[in-house]
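Colleague: Sequence and predicted structure below; questions after.
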Amino acid sequence: MIDRFFSYVIDRIQQFIDGLQIDTSRASLGVWIAVINVAIVLLLVGGISISAIGSLRDLADQQGKSRVQLAGAMAREDIRRFSEDALTHAKSVADRQTLQRLLADRRSATVGPYLRRSCNSDTIASCAVFEGGQLIAQAGVELPWELIQSSAAEQGERFMAVPLGSQYALLGASAQVGGATERRVYVARLLDARMAQLLTERVGTPIRLINYRLFIEDRKVDDFTRLHSAGLSDGRSAVMRLDDLDLYAASFPIFAVSGEAIAFLEARLPSSEIDASVGGLAKRLLITAIILAALAVLAGIVLGRQVTGPVTTLTDAVEKLGHGDFSTSIPVGGTREVGKLARTIEDMRNNLVELTGTLRRREAEAQAVLDGIVEGVYAVDKSRVIRYLNPQAAQLLGVQAHEAIGRFCGDVLKPCRDSNGVRPCETNCPILRARHEGSSQATERLQLSDGAPRITIITSSSPVDELQVQVIRDETELEGVRRARDSVLVNISHEFRTPLAAQLASIELLRDGFDSMSTDQQKELVLSLERGALRLTRLIDNLLESVRIESGQLSIRHQAVALSEVVEDADALIGALLAQRRQRLEVDLPEDLPNVDGDGPRLTQVYVNLLANASKFAPEDSVVRIGAQATGEFVTSWVEDEGPGVPEIESNSIFDRFYRSGSQEPEPGGLGLGLWIVKSIVERHGGTIAARRTAEGRTRFEVKLRQTAE
């Protein structure tokens, strides 16, 4: 929030500066330096003063909060001591022999007057005697003693309660009479205005005690409501400055031993006591800042005159130099920067003659560049008449440069007409568009003098000094490459469309029959979707891998790889396809099979492609097998399926790039990249791969990889 605020302020200041147009020519440099000094001093002094006053106010605010919080804490501690005093008083009354005798004689009528005399003190509001859970007598303020007794039973000797129907919360204590467990004396003290006044006198700050039950029943919401809610949420205390009431206030929730909220202790401190001291300090600070600012402005004006004098002299000399008086000497004086500027201007005067010769050489170099670049370059005037033609453009257009100069560019380039017989020069000329848009590019089909059409890209720039430069590039060969690329993209899109169409059909069936289909039918559609997604993923992975292989970017990391982990990862990636066709994978790898030297992720891709190929060609409800054995310094692994195989399996042509088995495939074919990628990865590991038919009539792919060196 703070970062956004500062960013907003900075943006507003920047917008103000950008929109503020000041004519600096109306005053001299000395005046502007003086004005800048005044502005900087005022900003610095004002900023420091504002910051200092703000810091003072923050410190004062913290002091006020600390004072009112300390007062509240002291008052809460006094309440705790009152609770201890109540327990002491209860034990004192319970230990008196007179009370024990009156209760033993069953003289209940005389217990009440005795309690009135015993409990007559400033600290006790009411007391009562219970025997066997029954009220015998009470004295003082009428209280719901049965409810109070229940609270005391939960909390122990000392207790706090908020009786229903009572205006005030109370604290109290109980004690056994003469060791008899069925007889107890209860004393209570109300957390009322009298208690609040006593606390105010003790801590020196106004204190209020608020009944928690009345607080939650009161639907009025004000600053104190938010304060008490914050204190209750914190569980200890909350302190705020209430500007509308000019108060610092602290709230301390009071809880019984059982955790029940009983009351709020509210401490108040007038903010005027704090603000008065801050106002005095701020006033003295402002007076000091004004005096210092005035002295700084005066010093800035005096020093500014010392700096601007040599600048005025230098300005007069440079003005003469600008009018062509190169004989005028440049005075060197003033500050280090002014002296350096004067010497630089003198060097500029000496370099003017050399600059003219340099410009002529650069013109010749630019001509050499135009003659040496591959692209053709020509320039036209505002009437689109050719004024310059480099040799490459002349060669591309099949003309001589001197023959083209002075002719309309459309007559030299000869762009092909559209279907209506209109030349682009009249409707879609890049030269005309560039004059409005700054630059323009167009693809033109030119019919040159040799009769061969050429596809070119013409880039036109905006006019400079009534000349407009165009760059023409021959794109005929690139266009052929683009057509070949488009053909490949059409094939790829065709391969992607089949699984996508199947997925869309499954989604439509699932959507239309979601409420009526059985769980098995829904599961079958979801598995079909998963299979289509896996097939698309495999197509994309194979395309990317083929690009990396062709560009030489397929790098192999050599490390110890466990084939069991590779097979497990491949099964996790391809398992859904096997499950879709109800095929089962049998893995037979010896426990002591040595690790192979290779790249784990690349080898996982090898087995993913082999398993996908096996799943495609094997019949449904068949078994796909993976096995391996160590042979010398190599580990030979194989993937077998129960499919019919293809005629080309013995010649290993199935590993050729883009090989497709055509009618042998039981489902729409892929891109013909999977086995080619497998072979490429295996060979980059220094291994070999072969395919054959086994004696059992199965198709087997064998991969031979080198073991990890010990």
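Modeller: Perfect, thanks for sending it.

Colleague: so who does the nearest residue to residue 693 once chain neighbours are set aside touch?
Modeller: Closest residue in space to residue 693, ignoring its immediate chain neighbours: residue 645 at 5.5 Å, by C-beta to C-beta, 6 or more residues apart in numbering. C-beta coordinates here come from the backbone N, C-alpha and C atoms, glycine included. Shown in contact with residue 645 (C-beta atoms under 8 Å, 6 or more residues apart in numbering): 617, 693, 699.

Colleague: 10 Å instead, please
Modeller: 617, 654, 661, 664, 691, 692, 693, 694, 697, 698, 699, 700 (C-beta atoms under 10 Å, 6 or more residues apart in numbering).

Colleague: For the residues you listed, name the two members farthest from one another.
Modeller: 661 and 694 (18.9 Å; C-beta to C-beta).

Colleague: With neighbour numbers in mind, choose between the two.
Modeller: Per other C-beta atoms under 10 Å, whichever of residue 661 and residue 694 has more neighbours is residue 661, with 16 against 11.

Colleague: Would you confirm that residue 153 contacts residue 174?
Modeller: Yes: at 9.1 Å, residue 153 counts as touching residue 174 under the criterion of C-beta atoms under 10 Å.

Colleague: Mutual contacts of the two, please.
Modeller: 159, 184.

Colleague: Give me the more crowded residue out of those two.
Modeller: With neighbours defined as other C-beta under 10 Å, residue 153 and residue 174 compare such that residue 174 has more, 26 against 12.

Colleague: The host helix or strand of that one packs against which elements?
Modeller: Per DSSP states H and E: residue 174 is located in strand 170-177. On a contact count with 3 or more C-beta pairs under 10 Å, 6 or more residues apart in numbering; DSSP states H and E, strand 170-177 meets helix 29-94, helix 97-104, strand 126-131, helix 145-155, strand 158-161, strand 180-190, strand 261-270.

Colleague: Quick check: mean pLDDT of it?
Modeller: Averaging pLDDT along strand 170-177 yields 89.

Colleague: Kindly report the same for stretch 268-281.
Modeller: 75.

Colleague: Can you mark which positions in that stretch are buried?
Modeller: 268, 269, 270, 271, 274, 275, 278 (16 or more other C-beta atoms under 10 Å).

Colleague: could those residues go into JSON lines alongside distance to residue 232?
Modeller: Converted to JSON lines, these look like this (distance: C-beta to C-beta, whole Å):
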{"residue": "268", "distance to residue 232": "18"}
{"residue": "269", "distance to residue 232": "21"}
{"residue": "270", "distance to residue 232": "25"}
{"residue": "271", "distance to residue 232": "24"}
{"residue": "274", "distance to residue 232": "26"}
{"residue": "275", "distance to residue 232": "29"}
{"residue": "278", "distance to residue 232": "31"}
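
Colleague: how about these, which pair is most distant?
Modeller: Across the buried residues of stretch 268-281 (C-beta to C-beta), the longest gap, 19.0 Å, separates 268 and 278.

Colleague: So how do I select the buried members of the contacts of residue 645 in ChimeraX?
Modeller: The ChimeraX command for the buried members of the contacts of residue 645 (criterion: 16+ other C-beta under 10 Å) is given here:
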select :617,654,661,691,698,699,700
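
Colleague: The strand holding residue 174 to strand 126-131, inter-axis angle?
Modeller: Here strand 170-177 runs at an angle of 40 degrees relative to strand 126-131 (axes from the mean of the first three to the mean of the last three C-alpha atoms, to 10 degrees).

Colleague: partners of strand 170-177 in the sheet?
Modeller: Applying DSSP bridges, strand 170-177 is found paired with strand 158-161 (antiparallel), strand 180-190 (antiparallel).

Colleague: and the shortest one, C-alpha only, in CSV?
Modeller: Which is strand 158-161. The C-alpha trace of strand 158-161 is given here as CSV (Å, rounded to 0.1, in the frame of the first residue of the first chain):
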residue,chain,number,x,y,z
ARG,A,158,-11.6,-16.5,44.1
PHE,A,159,-14.1,-15.9,41.4
MET,A,160,-15.6,-13.4,39.0
ALA,A,161,-19.1,-13.4,37.6
